[in-house]
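K.L.:
A structural model of the following input is requested.
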Amino acid sequence: MPFRAFRHIPLFLVGLGALALCAVLSLALGARSVPLSTVTDALLGDAHGRDALVVTGLRLPRTVIGLAVGAALGVAGAVAQAITRNPLASPTTLGINAGAGFAVVVAIFALKLDSPVEYMWFAFTGAAGAALFAQTLARRAGDIDPVRLALGGTVLQLVLLSWTSAVMLLNQRTLDEARFWLAGSLAGRDLDVLWPVLPTLLLGLLVSLALSPALNALALGDDSAQSLGVPVARIRLAGGIAVVLLAGSAVAVAGPVAFIGLAAPHLVRPLLGGDHRLLIPGCLIAGPLLLLSADVLGRLVMRPSELEVGIVTAFLGAPLLALLARKAAR
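P.N.:
Numbers count the residues shown, from 1 in each chain. Take a look at the predicted model:
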């Protein structure tokens with residue numbers, strides 16, 4: 001492992017460089033482009049005026065949130081694919097996005113909420129509840145069956161999506177208020193939305209990194225993993241909890257952004273291999289790189305308006321999902 005990690009250091013450095021470049025572009029580009037010199041001066045506190053306010057007041061919080069949400073979704077996808085042994089798995093497979101969306105729509109409808117800060121905890125609770133219910137459906141003889149977990153999460157997602165649509169159609173205000181959040185967006189968010197869920201997000205990352213050696217054993221199959229002394233059921237349960245913490249935190253902040261969790265591990269594996277001790281740190285870079293790239297693209301394609309990042313990722317991720325599904329069917 002130390003030698004392999006050393007050999008992959010150049011790839012990590014390239015990834016970090018690309019992520020830094022993408023973060024700079026996120027600060028500079030949008031409906032109003034800001035020169036890089038002004039971006040630097042604004043970050044150092046040496047610039048004032050409208051451009052500096054745009055950078056520090058709007059785009060800097062948006063970029064920081066994008067980094068955190070992208071890292072959470074990327075790692076959540078890697079862990080979800082490991083515990084289900086399903087290359088098409090993602091936080092969506094566990095019903096997390098749908099659970100969060102349903103909880104938020106119900107909260108908007110019943111409690112008349114109108115701010116992400118107000119309903120973010122409903123999103124987190126709904127995400128966690130949906131994932132726990134999916135794991136309950138997947139239990140067989142006390143263990144969690146990975147196939148049943150994927151199927152149960154998918155069925156639960158479809159049911160919750162239909163319920164969400166029904167609630168939104170009952171009330172025009174709920175429809176108007178919820179549809180922007182359900183699209184998945186980094187716009188209009190400030191750091192006050194991120195701070196409350198940051199502890200759970202960091203805990204999910206730490207748990208995922210700690211589980212990485214055991215996740216390698218799971219890839220060998222349950223029997224092989226157990227012969228190596230790995231408590232398969234406990235590791236799978238801990239991995240599910242990590243996915244809930246990560247994806248629940250991300251969804252609570254930015255809404256149900258699709259395909260980042262699915263795509264990031266598949267982009268990293270050809271470069272770093274399937275060792276989760278390398279794959280998970282790689283997804284820490286690839287996830288935010290994908291999310292910020294999609295966010296910047298969404299700002300540019302319809303200037304001076306913009307597309308929500310969730311729409312951009314869905315548009316770009318659909319061909320990837322079709323390609324992966326075709327590959328898995330071979």
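K.L.:
ok, the residue nearest to A82 when sequence neighbours are not counted - how many residues close by?
P.N.:
Leaving out its chain neighbours, the residue that sits closest to A82 by Cβ to Cβ, 6 or more residues apart in numbering is L215, at 4.1 Å. Glycine gets a C-beta too; all of them are placed from N, C-alpha and C. Neighbour count for L215, taken as other Cβ atoms under 10 Å: 26.
K.L.:
mind checking how far L215 is from H276?
P.N.:
Shown here: L215 relative to H276, a distance of 4 Å by Cβ to Cβ, to the nearest Å.
K.L.:
tell me where the stretch 151-300 of the chain has helices.
P.N.:
172-183, 191-194, 198-218, 222-227, 232-254, 260-272, 276-300 (DSSP state H, counting those that start in this stretch).
K.L.:
dump the ones you listed into a markdown table; add distance to Q135 and mean pLDDT as well.
P.N.:
Shown next, in a markdown table, are these (distance: least, Cβ to Cβ, whole Å; pLDDT from 0 to 100):
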| stretch | distance to Q135 | mean pLDDT |
| --- | --- | --- |
| helix 172-183 | 24 | 76 |
| helix 191-194 | 27 | 89 |
| helix 198-218 | 15 | 94 |
| helix 222-227 | 16 | 82 |
| helix 232-254 | 5 | 88 |
| helix 260-272 | 17 | 91 |
| helix 276-300 | 20 | 95 |
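K.L.:
so which of the ones you listed is nearest A89?
P.N.:
helix 260-272 (7.9 Å; Cβ to Cβ).
K.L.:
only C-alpha atoms, please: export the closest one in CSV.
P.N.:
Only the C-alpha atoms of helix 260-272 are listed here, as CSV (Å, rounded to 0.1, in the frame of the first residue of the first chain):
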residue,chain,number,x,y,z
ILE,A,260,-22.3,12.6,-8.7
GLY,A,261,-22.2,9.6,-6.4
LEU,A,262,-22.6,7.2,-9.3
ALA,A,263,-20.0,8.9,-11.6
ALA,A,264,-17.2,9.7,-9.3
PRO,A,265,-16.1,6.2,-8.4
HIS,A,266,-16.3,5.1,-12.0
LEU,A,267,-14.0,7.9,-13.0
VAL,A,268,-11.5,7.2,-10.3
ARG,A,269,-11.3,3.4,-10.6
PRO,A,270,-9.5,3.4,-14.0
LEU,A,271,-6.9,5.7,-12.6
LEU,A,272,-6.4,4.4,-9.1
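K.L.:
and it with helix 232-254, angle?
P.N.:
For helix 260-272 against helix 232-254, the angle between stretch directions is 120 degrees (axes from the mean of the first three to the mean of the last three Cα atoms, to 10 degrees).
K.L.:
between helix 276-300 and helix 260-272, find me the angle.
P.N.:
120 degrees.
K.L.:
show residues contacting helix 260-272.
P.N.:
The contact list for helix 260-272 (Cβ atoms under 8 Å, 6 or more residues apart in numbering) reads 8, 11, 70, 73-74, 76-78, 80-81, 87-92, 247, 278-279, 282-283, 286-287, 290-291, 313, 317, 320-321, 324.
K.L.:
if we can go back for a sec, pretty sure the residue nearest to A82 sits against D275.
P.N.:
No - the pair L215 / D275 is not scored as a contact, 9.4 Å apart, by Cβ atoms under 8 Å.
K.L.:
re earlier: restricted to strands, list the contacts of helix 260-272.
P.N.:
Using DSSP state E, the subset of the contacts of helix 260-272 located in strands is empty.
K.L.:
among the helices of the stretch 151-300 of the chain, which is nearest A134?
P.N.:
Closest among the helices of the stretch 151-300 of the chain, using Cβ to Cβ: helix 232-254, at 8.5 Å.
K.L.:
buried stuff in the closest one?
P.N.:
232, 235-254 (16 or more other Cβ atoms under 10 Å).
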